[in-house]
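Q: need coordinates for the below:
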Amino acid sequence: MAEKDHILVTGGAGYIGSHIVKLLCDKGYPVIVLDNFSTGLQENLDKRLAGVLEGNILNDDDLHRAFSSPIKVVFHFAAWKAAGESMTNPGKYAWNNIAGSINLLNAMVKYGARNFVFSSSAAVYGNPAYLPVDEKHPVIPTNFYGYTKLNIEQNLTWYSQLNGLRYAALRYFNATGYDIDGLLRGREKDPANLSPLVMEVAAGERAKLQVFGNDYNTPDGTGVRDYIHVSDLADAHLRAMDYILNKNSDILVNLGTGRGYSVLEVIESARKVTGRDIPYEIVGRRAGDPSELIASCDLAYKLLGWKAKYSDIETIFKTMLPVYL
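A: Below is the predicted model of the structure:
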């Protein structure tokens, strides 16, 4: 990258975005964050940032300000992500996730930015037809959130063909943990994922955890998921950026570990790391929850040389300790 070129990170004050921003700054890249702070936290903004803009990807004036500096790469994290809410308020997700992303892509074309790293999701796959899930697996989302991610991926293929945009679409499995260096401690707002809810129980902020079903076809009857540490995600994003810049080629890969943990294994690990009791109750299954979801990450290793380093469940909880306890 030329010295004058900047990296724009939308949603860069959010949970995942702030971890990518930190690593980009560690590597010496000039980074500009665009965030409307609906879920992002000022305290997680890196002091080394080249600029912070409070604004919205749906607002053309805000995008004009964001692209007033030469932008070489855009990392896109500005999206709503609660799968359950997406089924009760699809308009919110269509407007922000789909329309907002298209507005951002149009601004990139207008201002001559050509490299895009997209925060996608394993939710595009829906219920697994086979395990582990690889990138050739059918994409049949079971919630509207997953559909918004798939829709953006499909738009990216057209923008690549028609506008010469280069993109990396990174399909996360279950992102979790906190900064491996312990420097980012601002908590994610309104988390819906298992590990932060477990830690809220450990901290005494919730009386108990609900476990949705214990009659799945798994070793202990509870659902099994592939958990990926957010610092591992950050490393993959920088590798994906280097790939599209150096290869001038698009990439779509899974980001996970290839190893699953059950809900009860997660709870037991948290008990061990925190030394706290974590009460839970078994309740009914949630509609659409598969018994097991595990990634094949062979392609990410083959193309990016990437493999998770911090994603064993104990390390995940150890990095959450300073945030919750």
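Q: where are the low-confidence patches of the chain?
A: Applying pLDDT under 70 to the chain picks out residues 1-3.
Q: what residues go with each domain of it?
A: 6-176+227-255, 194-226+258-324 (automatic domain parsing).
Q: the chain: strands as residue ranges?
A: Assigned by DSSP state E, the chain shows strands spanning 6-10, 31-35, 51-54, 71-76, 115-121, 166-172, 174-176, 209-212, 224-225, 227-229, 251-255, 261-262, 280-283, 292-293.
Q: need these in a markdown table (columns: distance to residue 299).
A: Where C-beta positions appear, they are placed from N, C-alpha and C, glycine not excepted. Output for the strands of the chain, formatted as a markdown table (distance: least, C-beta to C-beta, whole Å):
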| stretch | distance to residue 299 |
| --- | --- |
| strand 6-10 | 24 |
| strand 31-35 | 27 |
| strand 51-54 | 34 |
| strand 71-76 | 20 |
| strand 115-121 | 14 |
| strand 166-172 | 10 |
| strand 174-176 | 18 |
| strand 209-212 | 31 |
| strand 224-225 | 20 |
| strand 227-229 | 15 |
| strand 251-255 | 5 |
| strand 261-262 | 22 |
| strand 280-283 | 36 |
| strand 292-293 | 17 |
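Q: any chance of these in a markdown table, plus mean neighbour count and distance to residue 322?
A: Below are the strands of the chain laid out as a markdown table (neighbours: other C-beta atoms under 10 Å; distance: least, C-beta to C-beta, whole Å):
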| stretch | mean neighbour count | distance to residue 322 |
| --- | --- | --- |
| strand 6-10 | 26 | 24 |
| strand 31-35 | 26 | 23 |
| strand 51-54 | 16 | 24 |
| strand 71-76 | 24 | 26 |
| strand 115-121 | 24 | 25 |
| strand 166-172 | 24 | 23 |
| strand 174-176 | 24 | 15 |
| strand 209-212 | 17 | 21 |
| strand 224-225 | 24 | 24 |
| strand 227-229 | 25 | 15 |
| strand 251-255 | 24 | 24 |
| strand 261-262 | 23 | 22 |
| strand 280-283 | 12 | 24 |
| strand 292-293 | 20 | 29 |
